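S.K.: Here is the input, now give the coordinates:
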Amino acid sequence: QVQLVESGGGLVQAGGSLRLSCTASGVTFSVYAMGWFRQAPGQEREFVGGISRGGGSTRYADPVKGRFTISRDNAKNTVYLQMNSLKPEDTAVYYCAADEDASRFRVTLSLTDFDYWGQGTQVTVSS
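M.R.: Next comes the predicted model:
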C-alpha cells in the first residue's frame with residue numbers, strides 16, 4: 001500500500017516561493033508517475049503538474065507554466081513542487097498523487113488516473 005505524505009505548505013506573500021515535498025513509503029517509488037493537484041474552497045480538484053517515473057518528462061497546467069517546477073529524487077522516494085512567483089489565486093490545498101499504470105506513455109493530467117493520494121498541504125498566498 002502506497003502512503004504519500006506532503007509537507008512544505010504555509011503562508012506566503014504574493015510573489016514569494018514555496019517548495020512542497022511528497023514522500024512515499026512502502027513502495028518502489030520509481031515505478032510510479034507522480035502528479036500534483038490542488039483544490040481551492042468551493043472548487044474542484046485540478047491538475048497542477050506531473051512527472052514521469054524516471055523524471056525525464058514533465059507536464060504542467062497552463063496557469064502554472066513557467067512558475068512551478070516538478071522534480072523527483074527516486075533515491076529519497078520524494079517528489080517536489082517548486083512554486084515561484086506565487087499569486088493569491090494559487091491558494092489551495094495541494095495534493096500529490098501516484099499513478100501506477102506502467103503502460104501510460106505520457107504523464108496523465110486526469111485525476112481519475114491516479115491511484116494513491118496524500119492528505120494534502122495548505123498553501124495560502126496573501127496579496
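S.K.: what's near enough to touch the residue nearest to the spatial centre of the chain?
M.R.: Central residue of the chain (C-alpha atoms, centre = their mean): W36, 2.1 Å from the mean position. For W36, the contacting residues are 20, 22, 47-50, 70, 79, 81, 94-97, by C-beta atoms under 8 Å, 6 or more residues apart in numbering. For glycine as for every other residue, the C-beta is placed from the backbone atoms N, C-alpha and C.
S.K.: Dump the residues you listed to CSV, plus pLDDT, neighbour count and secondary structure.
M.R.: CSV is the format used below for the contacts of W36 (pLDDT from 0 to 100; neighbours: other C-beta atoms under 10 Å; DSSP: H, G, I helix; E, B strand; the rest coil):
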residue, pLDDT, neighbour count, secondary structure
L20, 98, 24, strand
C22, 98, 25, strand
F47, 97, 20, strand
V48, 98, 25, strand
G49, 97, 22, strand
G50, 97, 27, strand
I70, 98, 24, strand
V79, 98, 30, strand
L81, 98, 27, strand
Y94, 98, 23, strand
Y95, 98, 23, strand
C96, 98, 30, strand
A97, 97, 24, strand
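S.K.: just to revisit the earlier point, what's the spacing between the residue lying closest to the residue nearest to the centre of the chain once chain neighbours are set aside and S30?
M.R.: Spatially, and ignoring its direct neighbours in sequence, W36 is nearest to V48 (4.2 Å; C-beta to C-beta, 6 or more residues apart in numbering). Remark: distance between V48 and S30 (C-beta to C-beta, to the nearest Å) = 21 Å.
S.K.: got it, and E6?
M.R.: Distance from E6 to S30, by C-beta to C-beta: 19 Å.
S.K.: neighbour-wise, which of the two wins?
M.R.: Higher neighbour count among E6 and S30: E6, with 22 against 13, using other C-beta atoms under 10 Å.
S.K.: hang on, the more buried one packs against G118?
M.R.: Yes - counting by C-beta atoms under 8 Å, E6 touches G118, with 4.5 Å between them.
S.K.: re earlier: what sits opposite the residue nearest to the centre of the chain in the beta ladder?
M.R.: Beta-bridge pairing of W36 under DSSP bridges involves G49, C96.
S.K.: All set, thanks.
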